[in-house]
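>>> dropping the sequence and predicted coords here.
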Amino acid sequence: MTAPPAPTAPPEQPAPPAPPPVRARIRVRTPARTAGCTITTDGSYAARLARAAGAPDSWYPERWTLGSAEPFAVPLPGNQPEEPSTEVLPMADGRVLVHRVVGERHVFTLLYPTGPGTGEVPLGAVECGELTLLPPAPGGTRAYALAPGARSSDVWLVAGGAFGPEHLAAVPGRCSGGVWLDGTDRLLALDRELDGRTKTVAVDLERDGEVSPLLQIAEDSDDRLLLADAGSGLLLLRSDAPGDDRLGWGVLGGTRPVRFPESLRLPDLTVTPFATQPGQVLTPEACGVALRIDGPAAGGGGSWLGLWRPAARQVQQVAAPAGWLTGSGWWTRDGELCLPYATGAAPCGVARMTVPPTPTAAEPARPEDAPHDASHDASHDVSHDPSRATAPDADGDLPHPSQPPPPDPRMPAATRPVPLQQAPLGGRTAGS
């Protein structure tokens, strides 16, 4: 397939002088590069590090255009090969943000194609220890980074600001993760380790980094948020509140507690959600969820796909396309899962998989979804306090698929959850 000509490069603007880097402790640690690619929230562009032909140890940034009739890739090599630890992130205008470590500094640059070469817009640097890019922001015009520390973690705006990198917030505790909670660049969820426990908190970037509790399933549990769908409020999380480390789901501002389905327990396998279906307003149970499933290293490892919806009884496991950029993909509103892949014959491709919707209205409640008896659990329901959620009794066995369980009179078959953008967060509305 012949790649279409590269889009006309935007006129190069003179870069403002970079501010002097902010000093912190100088013990540089960089995250290892992970397989796959990073995709904008609207699915229009992707970016990854690619290996140069004939030079397996030589890396360069590559931009994928996904919004055209046929996807195509544009290489963006610099003057020298990239380090394997270099991070790349696509922007909504087609440029690619590159995060490099140079000496004791984290340097940020925007790349764009200029015909035969690569244009660069230097953005400045942050001088600190560990720093990693956060997932693409919903707006697509700005990019953020997290610099975790032993006692405090800093959130930086590294692209889209007026004068280079800007310090936005300092969050007490050591933070990791990073999930956007709304359709703007305002509410950011971080997994904060403090006093020996990890809990997810919401950071309001428009209120000087004001922190509110988000997940507190049990006092002695470690709770981490993995994914959030802004339209329906669907939350995918991992917690050891049921007694062992489990995947669970809930709805921010909904009327039912967090649940830990037996269908998401796959023995000896590592299951990680990486994409949720958009457009399912008020129906989080119908949201498609794409799972990356990794086999045990002792058995040869390997990765494949899992397809699941909260209303479903089981995970549908399917083979990944050859050359899948592992752990990356996006859903369309119509329920089509798009998976980028690269092979020798097709260096830039997207495999599309249509997943039929799962009916939810007639779905009876299952024992695994039963909440705790309120007299035995002091936690709060998300409908009363969306900054907290309760853990259900995880001892119920999943009935055999051919034998539907009897309805549970304590719970309705379907609920009307509050969408995330209307749910109160920490005692106020997200738009206040």
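Great, that's in hand.
>>> residue contacts, residue 206?
residue 186 (Cβ atoms under 8 Å, 6 or more residues apart in numbering). Every C-beta, even on glycine, is put in place using the N, C-alpha and C of the backbone.
>>> which SS state does it fall under?
Three-state assignment for residue 206 (DSSP: H, G, I helix; E, B strand; the rest coil): coil.
>>> start the count at 108, not 1, going forward
Noted, 108 is the first residue going forward, which turns the last one into residue 313.
>>> could I get the phi/psi values of it?
Dihedral pair for residue 313: phi -100, psi 0, per degrees, to the nearest 10.
>>> which residue packs closest to residue 325, ignoring adjacent ones?
residue 348 (4.5 Å; Cβ to Cβ, 6 or more residues apart in numbering).
>>> please apply the same query to residue 251.
residue 241 (4.4 Å).
>>> now do residue 352
residue 345 (6.4 Å).
>>> in the stretch 308-457 of the chain, mark out all the strands, start to finish.
For the stretch 308-457 of the chain, strands defined by DSSP state E, counting those that start in this stretch occupy the ranges 317-322, 330-335, 341-346, 353-358, 377-383, 396-401, 410-415, 423-425, 437-438, 443-448, 456-461.
>>> what are the contacting residues of the third one?
By that I understand strand 341-346. Contacts for strand 341-346 (Cβ under 8 Å, 6+ apart): 307, 322, 324, 328-335, 352-359, 365, 367, 380, 383, 387, 391, 394, 396, 417, 498.
>>> same thing with the last one?
Residues from elsewhere that reach strand 456-461 (Cβ under 8 Å, 6+ apart): 173, 178, 414, 425, 428, 430-431, 442-450.
>>> give the buried residues for it.
Within strand 456-461, the residues that count as buried by 16 or more other Cβ atoms under 10 Å are 456-458, 460.
>>> turn the residues you listed into TSV, columns for distance to residue 207 and pLDDT.
Listed next are the buried residues of strand 456-461 as TSV, based on distance: Cβ to Cβ, whole Å; pLDDT from 0 to 100:
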residue	distance to residue 207	pLDDT
456	28	97
457	28	97
458	31	97
460	35	94
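>>> now render these as a markdown table, adding distance to residue 228.
A markdown table is the format used below for the buried residues of strand 456-461 (distance: Cβ to Cβ, whole Å):
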| residue | distance to residue 228 |
| --- | --- |
| 456 | 30 |
| 457 | 28 |
| 458 | 33 |
| 460 | 37 |
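>>> just give me the closest of these to residue 265.
residue 457 (28.3 Å; Cβ to Cβ).
>>> hmm, back to that, how close does the residue nearest to residue 352 sit to residue 364?
16 Å (Cβ to Cβ, to the nearest Å).
>>> state the distance from the residue nearest to residue 352 to residue 315.
29 Å.
>>> looking at these two, which one has more neighbours?
Higher neighbour count among residue 345 and residue 315: residue 345, with 21 against 10, using other Cβ atoms under 10 Å.
>>> nearest to residue 220, out of the strands of the stretch 308-457 of the chain?
Of those, nearest to residue 220 by Cβ to Cβ is strand 443-448, at 18.9 Å.
>>> run through the bridge partners of residue 220.
residue 225 (DSSP bridges).
>>> and for it, the neighbour number?
21.
>>> pLDDT at it, what is it?
Listed pLDDT for residue 220 reads 96.
>>> pretty sure it sits against residue 184.
No - if you go by Cβ atoms under 8 Å, residue 220 and residue 184 don't touch, sitting 10.5 Å apart.
>>> and residue 306, what element?
Using DSSP states H and E, residue 306 sits in strand 304-311.
>>> tell me the mean pLDDT for that strand?
On average, strand 304-311 scores 96.
>>> correct me, but residue 278 touches residue 262?
Yes - applying Cβ under 8 Å, one finds residue 278 in contact with residue 262, separated by 6.9 Å.
>>> this completes my enquiry, with thanks.
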